[in-house]
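**Student:** following is a predicted model, sequence given first.
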Amino acid sequence: MTTIPWELSLMLAGILFALGIFGLLFRQNLIFILLSLELMLNACGLAFVAIGSSLKEADGQVMFLLILAVSAAEVALGLALAIKYEQHFGTLELEARERG
Amino acid sequence: MPALPLCGFLFLLFFGAHCSRLIVATIGVLSIALSFFMTVGITVANSALLLSGKAIEEILWAWIPPINIGFYLDSLSLLMSLVVTLVSTLIALYSVKFMEEDTDTARFFANMNLFVAAMLILVLADNMLLLFAGFEGVGLCSYLLIGFWYQKSGAPEAMTKAFLTTRLGDVFFLLGIASILINFGTVNIHEFLTLAKTTWADHQPIATITALLLLAGAVGKSAQIPLQTWLPDAMIGPTPVSALIHAATMVTAGVYLLARVFPLFMPEIKIVILAVGAATMLIGCLSALAQYDLKRVLAYSTMSQIGLMFMAIGLGAPAAAMFHFTTHAFFKALLFLSAGVIGQALHHQYDMRKMGGLYKTMPFTFFSFLIGSLALAALPYVTAGFFSKELIMVVAYNYGIFWWAIGIAGAFLTALYTFRMVTMVFFGSQQHRISFKPTWLMTVPLGILVIASVCLGLVKPTILNLLGFAHNEEGHAIIIVTASLASLMGMLLALVLFGKIKFSPKFLAQGFMFDALYSVLIIKPYNSLAFILKQDCFTALYEALIRLTVYFHHLAGRTQTGRLRQYLTVVVASAIAVMGLMVLS
């Protein structure tokens, strides 16, 4: 089994994080914004795991588990908010609310 | 002694709102009464010592070294504290009934207790600084109590006026204390008086200035010319307050002060005191003659009687002044309290034109008021007022015929306006139906004051002996006769005249237009000056500062758009910028 060098994983994490930020900035749909947030959290998790493996320690993986728990809670809350939003405004577009 | 009313004050201040009316009144009266009994006890215990002219000194603790918080009890302060505590007790008892319908009795009694405490500190202080603290304390209480009914129109103005006017005197007083401290290095009254005898033998200008500064302080507190205008306005407060503070005790603090530092006064200063006293006395009498408000008559009368005390001090007889203070405290308190009963019966109506014929419906009040008036007008040989006034007349006669004539004129005018008041209030046609009956809470203090107003003349030798006054000038029959005649004539004239004619020139009714004069001389120039100074360069500077702040506020406020996406952009951009900086550096 070939091992992937941790630098590459870190770079992947960076790219994912940047994608998440851009999604957060430019997406209109609330679901996609939530997806972007999730992406950023997972990028962080990946970075933790990568750095943990570079230091030969399990701490990074422990942190990832923590992040997973937090993100699960967050996404539950976020989706609940999204449903409420949709019920209230009749749409999931963000700017629609700001315009009107 | 001052500790008890102080405790009462603190208790009422913090817990007064939660206590029932009965508890509040009990504490308010009891703390003062206990203080009185303590004073009596101390007097009895040390009577031999005090009669021999010695003093008790007690230093409680160091305040600002070398100035101590210490008490000094000699015959002068003893007499004063006896009178103060007795009159305060009676008036506090009286006000239990008087303030019955008021919602805020706790505040009233708290202030009263604080007043008594401050007054006792003033009287018993062994140094000028502590005395000054008491001086300010009573001033504060006077301010608070004048404005006790702060919803009443005119009360806030009156309280501010009283406070500011007396403050003017106090500033001079403080300067006087500073001058004493610089010259003698001590503010202990006893010490610097001893020093003054040796070092200020010749007529140094600094001695004159210091004495004048102290005199100014006394003038402000005692409502003498030219700082007298606050006293008539102060009558807007509750009547027991007027009786206690603005007749019996606080306003005589100036007299006490002068008597205390009496050895400091050179002959030329005494002339000034004499002139101030005489002018105030005459102006007070004449103004009282034209008032229609019962309490204002009494206020002007207080002014003139204190003027008489000032005269006595100026004549070189502080003992006579203190004796007159004692009798005056009782009969003036009596008059005020009787006036309070009348006011209660007539639903806070103090206009004498609307009274009349009250002697039938309020016999007890008529009796007490009459006794008070007789004492004020100095009915010969029956009332206490006669003995004290006669004493001052004798002193004046020995001093010079001119001042004696003024004194006689004052006595005549006093009798005149007093009986004008009595005539207008009690005789003539009845205009009101009275259903108010004073209860024992009111009649007992009045009764005691009646007895005191009559009988105090009998203890004259004791008091004078206590004060160390060499009284060997008795026997000027002519003086006594003329003084008596002046009083009697005044009374008769008033009884004859004022049943019929209404006499109130505007000039006299407004107290010689002093208010108008000060308005033109001081208030208007001050206002215009303030108006000019409103637009000076410093104001411009501060206004520029204000405008700058407002501008930045708007600038910063514009970034707050409420759009999350913009905030996030800024956050990301700044995060990238910070990271870039960290990488680069």
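**Tutor:** Nice, thanks for sending it over.
**Student:** from now on I want contacts and neighbour counts done on CA atoms only, so please keep to that.
**Tutor:** Noted.
**Student:** all strands for the stretch 401-550 of chain B, in order.
**Tutor:** Remark: no strands are assigned in the stretch 401-550 of chain B by DSSP state E, counting those that start in this stretch.
**Student:** dump the residue contacts of B:Gly557.
**Tutor:** By Cα atoms under 8 Å, 6 or more residues apart in numbering or on different chains, the contact list for B:Gly557 is empty.
**Student:** from chain A, how far off is it?
**Tutor:** From B:Gly557 over to chain A the distance is 19 Å, taken as Cα to the nearest Cα, to the nearest Å.
**Student:** and that residue, what element?
**Tutor:** B:Gly557 is part of helix B:537-558, with elements assigned from DSSP states H and E.
**Student:** ok, then the element right after that helix?
**Tutor:** Next in sequence after helix B:537-558, counting helices and strands by DSSP H and E, comes helix B:564-584.
**Student:** give the buried residues for that next one.
**Tutor:** B:Thr569 (16 or more other Cα atoms under 10 Å in any protein chain shown).
**Student:** B:Ile479 versus B:Met322, what's the distance?
**Tutor:** Counting by Cα to Cα, to the nearest Å, the gap from B:Met322 to B:Ile479 is 21 Å.
**Student:** kindly report the same for B:Gly562.
**Tutor:** Using Cα to Cα, we find B:Gly562 at a distance of 93 Å from B:Ile479.
**Student:** the more surrounded of these two?
**Tutor:** Applying other Cα atoms under 10 Å in any protein chain shown to B:Gly562 and B:Ile479 shows that B:Ile479 carries more neighbours, namely 19 against 9.
**Student:** surely B:Ala247 meets B:Thr302?
**Tutor:** Yes. Here B:Ala247 reaches B:Thr302: they are 5.9 Å apart, a contact under Cα atoms under 8 Å.
**Student:** what's the overlap in contacts for those two?
**Tutor:** Shared contacts of B:Ala247 and B:Thr302, defined by Cα under 8 Å, 6+ apart, are found at B:Lys332.
**Student:** quick one: contacts for B:Val276?
**Tutor:** By Cα under 8 Å, 6+ apart, the contact list for B:Val276 reads B:Gln224, B:Ile225, B:Gly307, B:Phe310, B:Met311.
**Student:** farthest-separated two in the residues you listed?
**Tutor:** B:Ile225 and B:Met311 (12.6 Å; Cα to Cα).
**Student:** pull up the overlap in contacts between those two.
**Tutor:** B:Val276, B:Gly277.
**Student:** doesn't B:Leu69 belong to a strand?
**Tutor:** Actually, residue B:69 is Ile. It isn't Leu. Yes. Secondary structure of B:Ile69 (DSSP: H, G, I helix; E, B strand; the rest coil): part of a strand.
**Student:** for burial, what's the neighbour tally of it?
**Tutor:** Per other Cα under 10 Å, the neighbour tally for B:Ile69 reads 20.
**Student:** so who does it touch?
**Tutor:** B:Ile59, B:Leu60, B:Trp61, B:Ala62, B:Trp63, B:Ala125, B:Asp126, B:Leu130.
**Student:** can you rerun that using 6 Å?
**Tutor:** Shown in contact with B:Ile69 (Cα atoms under 6 Å, 6 or more residues apart in numbering or on different chains): B:Leu60, B:Trp61, B:Ala62, B:Trp63.
**Student:** when B:Ile225 and B:Met311 are compared, which one has more neighbours?
**Tutor:** Per other Cα under 10 Å, whichever of B:Ile225 and B:Met311 has more neighbours is B:Met311, with 32 against 22.
**Student:** quick revisit: closest one of the contacts of B:Val276 to B:Gly185?
**Tutor:** When the contacts of B:Val276 are compared against B:Gly185 (criterion: Cα to Cα), the nearest one is B:Phe310, at 28.6 Å.
**Student:** give me the below-cutoff pLDDT ranges for the chain.
**Tutor:** Just so you know, I chose chain A. Residue ranges of chain A with pLDDT under 70: A:1, A:95-100.
**Student:** that's the wrong chain, I wanted chain B
**Tutor:** Using pLDDT under 70, chain B drops low at B:1-5, B:8-9, B:11-18, B:50-55, B:64-66, B:200-203, B:430-436, B:460-478, B:497-513.
**Student:** care to break it down by domain?
**Tutor:** B:1-265, B:270-503, B:535-584 (automatic domain parsing).
**Student:** how far does the shortest one sit from the chain's center?
**Tutor:** Okay, so that is domain B:535-584. Distance of domain B:535-584 from the chain centroid (Cα atoms, centre = their mean, to the nearest Å) equals 58 Å.
**Student:** then the longest one?
**Tutor:** Between the mean C-alpha location of domain B:1-265 and the chain-wide mean there is a distance of 9 Å, by Cα atoms, centre = their mean.
**Student:** now the residue lying closest to B:Thr85 once chain neighbours are set aside: how far from chain A?
**Tutor:** In space, B:Thr85 comes closest to B:Phe36 once its chain neighbours are excluded; the distance is 4.9 Å by Cα to Cα, 6 or more residues apart in numbering or on different chains. Look at B:Phe36 and chain A: by Cα to the nearest Cα, they are 76 Å apart.
**Student:** what helix or strand is B:Phe36 on?
**Tutor:** Element membership of B:Phe36 [criterion: DSSP H and E] is helix B:21-45.
**Student:** what's the longest helix in the chain?
**Tutor:** Using chain A. Across chain A, the helix with the greatest residue count (assigned by DSSP state H) is helix A:59-89.
**Student:** let me rephrase: I mean chain B.
**Tutor:** helix B:155-184.
**Student:** from the contact counts, what lies against that helix?
**Tutor:** In terms of contacts (3 or more Cα pairs under 6 Å, 6 or more residues apart in numbering or on different chains; DSSP states H and E), helix B:155-184 is packed against helix B:128-146, helix B:205-221, helix B:230-233.
**Student:** for chain A, which of the ones you listed is the nearest?
**Tutor:** Closest of the helices and strands packed on helix B:155-184 to chain A is helix B:128-146, at 58.2 Å (criterion: Cα to the nearest Cα).
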